[in-house]
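K.L.:
can't give you the sequence, but here's the structure:
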């Protein structure tokens, strides 16, 4: 059973996201926001946000928006993801994800990551497999 003080990510328990400092924001049927807090433990050798941390946060936001039409009943799995890194960042990151098209079993999404000054840090696009949640969800 989940700890009542534990962060839920739009209904799911995802310990890795809590570990790297991702915080869910708002969810509407075709848009999701999230924040990735900068810490030195997430920095690369240059002192900037590590690309893998950014990709994880972007992937989370896009997978969440993929299932945002019915978040209590749908799960999503990444099929493909492309990330473009625009500039380095050493601050918290705001993420906005949008669903471009959602069919019965596939969703096409995109996301942007911006630093605290609003500068574009990275952009991503992804394709996600949609499935119905099983009777016993692994997030419990």
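P.N.:
Okay, I see it. Given the structure is predicted, the values throughout are model-derived calculations rather than measurements.
K.L.:
Would you confirm that residue 127 contacts residue 77?
P.N.:
No. Here residue 127 lies out of contact with residue 77, judged by Cβ atoms under 8 Å, at a distance of 10.1 Å. Every C-beta, even on glycine, is put in place using the N, C-alpha and C of the backbone.
K.L.:
okay, these two: which has more neighbours?
P.N.:
Ranked by neighbour count (other Cβ atoms under 10 Å), residue 127 and residue 77 place residue 127 first, with 16 against 10.
K.L.:
doesn't the more buried one fall inside a strand?
P.N.:
Yes. Assessed by DSSP: H, G, I helix; E, B strand; the rest coil, residue 127 belongs to a strand.
K.L.:
show me what contacts it?
P.N.:
By Cβ atoms under 8 Å, 6 or more residues apart in numbering, the contact list for residue 127 reads 78, 79, 80, 81, 106, 107, 108, 109.
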